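Engineer: this is a predicted model, with the sequence first.
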Amino acid sequence: MSARQDDSVIRVTGLRTQFGRQVIHDGLDFEVRRGEVMGIVGGSGTGKSVLLRTIIGLITPAAGRIEVLGHDMAALSDSERLAVQRRWGVLFQDGALFSSLTVGQNIAVPMKEHLKLPPHLSADLAALKIHMVGLPPEACAKYPSELSGGMRKRAGLARALSLDPEILFLDEPTAGLDPIGAANFDQLILDLRNAMGLTVVMVTHDLDSLHTICDRISVLVDKRVKVGTMAGLMEDPHPWIQDYFRGPRGRAALGDAAADHVGV
Amino acid sequence: MLPGTAVLRVGRDALASLSEDAGRDLGARPAGPVEVEERAGVRVLILRGDWTAPSLVACERALSAEAGPRAERLRFDLANLARMDTAGAWLIQREVKLREEAGASVEVTGATEAVATLLATVTRHDVEHPPIEPPYVNPIAAMIERLGAGTFSLLRAAAELVNFLGLLLVTLARSLVQPRRLRLVSIVSHMEATGLNAMPIVGLLSFLIGIVLAYQSADQLAKFGAEIFTVNIVGIGMLREMGVILTAIIVAGRSGSAFTAQIGTMKVNQEIDAMTTIGLDPIEVLVVPRVIALSITLPLLTFYAILMGLLGGAVMANASLDITFVQFLRQLNSAVTLSSFWFGVLKAVPFAFVIAMVGCFEGLKVKGDAASVGEQTTRSVVESIFLVIVIDAVLSIFASVVGI
């Protein structure tokens, strides 16, 4: 374990978040290693999205330390924080695209703002990212309001990938995608991770994604996380974890795993 | 599938094929992103350093400068790449594709597995695409087009508003015939929000307008030694026009916009659709209570505004003209008639009806996204104030003809 400590790109220690008197996380420790795909699961209201938003700095924790890429986020100046922020991309639940820009312009925004890329390069790169997330090229010139919910989500992913981030935060990425689209998305994440050493942190309920692409899974229970591989977590006696992975859907996703093992 | 993919020589094989070139790095001169060597009739482009988005412009420039004219055989050597992201990979594969289309035989060597994967991914996804900018339009043509579209949409909006007025009147009549359909709790709650809660701001502004009115007229009338007629001007002005107009404008900005935003947000959340599905009539549930509530509260608010305006006038008259409150009241009594008062207060009913109707109408016209809520709210306030003033002008002409 100690050898791997240097590998961690995100390290959260002793995190406590609360809204008013409602405590969401208490003494939560969480670590993500370079190059892994980390899934975050948990029941409704356990603070999955809150954990994500706290790490990316949208929520200020009541206590605890958050280190991203070796920087203590609370200790950074504004310009240093901006430099770290450029090294991650975030996909929000509904894409959160700028409604006054076309999809292509949405994706070109970070390139123009941060890298000052000339339009002929940023337009082609934006189109590349758009195609990479499985949208047709025509989508470039469309406005977000002209796209379906699933397409908006993909466009949001393309914008998150715009600057080739080191860390990709995904909030329920496959919700709203059809099963083929979701599987393609999983494959895309794997490709990118392999090619670029991308680290992925995803809040998800898609057991297929959890099983297919997540190296480790963090389960939010009792205001903390339990981390492990899917197989390891299956052995955890906590009742919610048992219900989650051993429920009918969990068994269905894992049934493939069993079949795979037999096949190998 | 695409020409680029076929030429990728991946991983160790490619590296092995390059072993003959070992030692070429020894020079180690500080080179740009591209270095060119001729080896046995093959033009070799050695790519160095970071091929990432931040250095993309420099890489593109170097590539177009160094590639040389019409090389028959070309090799891209990626073994010295420090870092590459999708932007760099895209640039490389674009160059490969361009060279191949120009008839050269192109080879890519020295790619690590990661680089090769990325190159393949990028090649797979590099497609023709339409421009990402919205198409350019001539500003003059756009202005004319906007004028035309604006005129048509204004006419259409007017027609729709009349249509909505009819729908509202029918629903209202049905509700009044069957009072069970009236939602009393909703009406009272809207009365509180639009009436009671508006009292501080309406009172304060009317008081201040009373002061201003008194001060301005006193200033002019003093030239004729007719200061006492300040009371007439404040009295008639507040009772007939200022009280009701001021209140209507405040309420249009405060409650009309709120109606639009509330109903518009419900529209965005599909609550209106849900309501219709359950068998509730949105007009009956959302619009009628608001119209009734505002039609009751606006006259009351107007009455209150008139009182506060007169109070402001009296205070000012007392302070600057030495007209006592008793003198003020006596003069007021001789200056105004009951019909002036009713003319002012009862105008509030059509104003309230229009403000509530337009507010709800624009709210129901919201579509899709949150931006639309803001747009319709602006329209709602502008339209309702416009209509209030138009109606006021018509009523004023009517009053002067009839002689109220």
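Structural biologist: Done, it's in.
Engineer: how about residue 245: what's its closest non-neighbour residue?
Structural biologist: Picking chain A for this. A:M234 (5.1 Å; C-beta to C-beta, 6 or more residues apart in numbering or on different chains). To be clear about C-beta, it is placed using only N, CA and C from the backbone, and glycine gets the same treatment.
Engineer: right idea, wrong chain: chain B
Structural biologist: B:D392 (6.2 Å).
Engineer: what about the one you found, which helix or strand?
Structural biologist: Using DSSP states H and E, B:D392 maps to helix B:370-402.
Engineer: on contacts alone, who are the packing partners of that helix?
Structural biologist: Helix B:370-402 is packed against helix B:243-251, helix B:257-268, helix B:338-364, with contacts defined by 3 or more C-beta pairs under 8 Å, 6 or more residues apart in numbering or on different chains; DSSP states H and E.
Engineer: how about CSV for those, with mean neighbour count and mean pLDDT added?
Structural biologist: Listed next are the helices and strands packed on helix B:370-402 as CSV, based on neighbours: other C-beta atoms under 10 Å in any protein chain shown; pLDDT from 0 to 100:
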stretch, mean neighbour count, mean pLDDT
helix B:243-251, 25, 95
helix B:257-268, 22, 94
helix B:338-364, 23, 94
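Engineer: just tell me which of those helices ends up closest to A:V23.
Structural biologist: Smallest distance to A:V23 across the helices and strands packed on helix B:370-402 (C-beta to C-beta): 30.6 Å, for helix B:257-268.
Engineer: so which elements touch that closest one?
Structural biologist: Counting contacts by 3+ C-beta pairs under 8 Å, 6+ apart, helix B:257-268 packs against helix B:338-364, helix B:370-402.
Engineer: SS state for the closest residue to chain A within chain B?
Structural biologist: Chain B approaches chain A most closely through B:I132 (2.4 Å), counting by C-beta to the nearest C-beta. For B:I132, the assignment made with DSSP: H, G, I helix; E, B strand; the rest coil gives coil.
Engineer: I figured it hits A:T102, correct?
Structural biologist: Yes - applying C-beta atoms under 8 Å, one finds B:I132 in contact with A:T102, separated by 5.6 Å.
Engineer: chain B contacts on the stretch 1-150 of chain A?
Structural biologist: Residues of the stretch 1-150 of chain A found near chain B (C-beta under 8 Å from any C-beta of the partner chain) are A:99-100, A:102-105, A:107-108, A:111, A:115, A:117-119, A:121, A:123-132, A:137-138, A:140-141, A:145.
Engineer: I figured A:H71 hits A:L82, correct?
Structural biologist: No - with contact defined as C-beta under 8 Å, A:H71 does not reach A:L82; the gap is 11.7 Å.
Engineer: the two: who's more crowded?
Structural biologist: A:H71 (15 against 11; other C-beta atoms under 10 Å in any protein chain shown).
Engineer: which residue packs closest to the more buried one, ignoring adjacent ones?
Structural biologist: A:V84 (5.5 Å).
Engineer: any idea how chain B splits into domains?
Structural biologist: B:34-125, B:172-402 (automatic domain parsing).
Engineer: per-residue pLDDT of B:P69, please?
Structural biologist: Note on B:P69: pLDDT of 62.
Engineer: swap in A:L254?
Structural biologist: Looking at A:L254, its pLDDT reads 67.
Engineer: got a list of what B:S217 touches?
Structural biologist: Applying C-beta atoms under 8 Å, 6 or more residues apart in numbering or on different chains, we find B:S217 in contact with B:229-230, B:233-234.
Engineer: now with 6 Å, please.
Structural biologist: B:230, B:233 (C-beta atoms under 6 Å, 6 or more residues apart in numbering or on different chains).
Engineer: same question for the one 4 residues further on.
Structural biologist: Contacts for B:L221 were tallied using C-beta under 6 Å, 6+ apart; they are B:227, B:229-230.
Engineer: same check, this time on B:R83
Structural biologist: B:50, B:52 are the contacts of B:R83 under C-beta under 6 Å, 6+ apart.
Engineer: confirm it sits in a strand?
Structural biologist: Yes - judged by three-state DSSP, B:R83 forms part of a strand.
Engineer: got a winner among the contacts of B:L221 for most neighbours?
Structural biologist: Going by other C-beta under 10 Å, B:T230 tops the contacts of B:L221 with 27 neighbours.
Engineer: residues contacting it?
Structural biologist: B:T230 neighbours (C-beta under 6 Å, 6+ apart): B:214, B:217-218, B:221, B:317.
Engineer: now these as JSON lines including secondary structure and pLDDT?
Structural biologist: Shown next, in JSON lines, are the contacts of B:T230 (DSSP: H, G, I helix; E, B strand; the rest coil; pLDDT from 0 to 100):
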{"residue": "B:A214", "secondary structure": "helix", "pLDDT": "92"}
{"residue": "B:S217", "secondary structure": "helix", "pLDDT": "90"}
{"residue": "B:A218", "secondary structure": "helix", "pLDDT": "88"}
{"residue": "B:L221", "secondary structure": "helix", "pLDDT": "88"}
{"residue": "B:A317", "secondary structure": "helix", "pLDDT": "90"}
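Engineer: which stretch of helix or strand covers the nearest residue to B:E107 once chain neighbours are set aside?
Structural biologist: Nearest residue to B:E107 in three dimensions, chain neighbours excluded: B:R75, at 4.5 Å (C-beta to C-beta, 6+ apart). Assessed by DSSP H and E, B:R75 sits inside strand B:73-77.
Engineer: which residues does that strand contact?
Structural biologist: B:42-46, B:99, B:104-110.
Engineer: how about 8 Å then?
Structural biologist: Here strand B:73-77 makes contact (C-beta under 8 Å, 6+ apart) with B:18, B:41-47, B:67, B:92, B:95-96, B:99, B:104-110.
Engineer: quick one: low-confidence parts of the chain?
Structural biologist: Since no chain was named, I'll use chain A. Along chain A, the parts satisfying pLDDT under 70 run over A:1-6, A:195-196, A:253-264.
Engineer: should've been chain B
Structural biologist: B:1-31, B:67-71.
Engineer: can I get the helix or strand that contains A:V23 as PDB, trimmed to CA atoms?
Structural biologist: A:V23 belongs to strand A:22-33 when assigned by DSSP H and E. What follows is the C-alpha trace of strand A:22-33 in PDB, where atoms were taken according to Å, rounded to 0.1, in the frame of the first residue of the first chain:
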ATOM      1  CA  GLN A  22     -27.700  17.600   8.700                       C
ATOM      2  CA  VAL A  23     -24.400  15.800   8.600                       C
ATOM      3  CA  ILE A  24     -23.700  14.100   5.200                       C
ATOM      4  CA  HIS A  25     -20.100  12.800   5.600                       C
ATOM      5  CA  ASP A  26     -18.300  12.400   8.900                       C
ATOM      6  CA  GLY A  27     -14.700  11.400   9.100                       C
ATOM      7  CA  LEU A  28     -14.700  10.200   5.500                       C
ATOM      8  CA  ASP A  29     -11.400   9.100   3.900                       C
ATOM      9  CA  PHE A  30     -11.200   8.500   0.200                       C
ATOM     10  CA  GLU A  31      -8.400   7.900  -2.200                       C
ATOM     11  CA  VAL A  32      -8.200   7.600  -5.900                       C
ATOM     12  CA  ARG A  33      -5.000   6.200  -7.600                       C
END
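Engineer: would you mind naming what in the stretch 1-150 of chain B lies close to chain A?
Structural biologist: So the stretch 1-150 of chain B meets chain A at B:52-54, B:56-57, B:60, B:85-87, B:90, B:94, B:114-115, B:117-118, B:121-122, B:125-134 (C-beta under 8 Å from any C-beta).
Engineer: PyMOL command to pick out the buried ones of those residues?
Structural biologist: Buried residues within the residues of the stretch 1-150 of chain B next to chain A, by 16 or more other C-beta atoms under 10 Å in any protein chain shown, are selected in PyMOL with:
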select buried, chain B and resi 52+53+54+56+60+85+86+87+90+94+115+117+118+121+122+125+126+129+130+132
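Engineer: filter the residues of the stretch 1-150 of chain B next to chain A down to the ones in helices?
Structural biologist: B:56-57, B:60, B:86-87, B:90, B:94, B:114-115, B:117-118, B:121-122, B:125 (DSSP state H).
Engineer: of all pairs in these, which one spans the longest distance?
Structural biologist: Taking C-beta to C-beta, the two most distant members of these are B:V57 and B:T117; they sit 25.0 Å apart.
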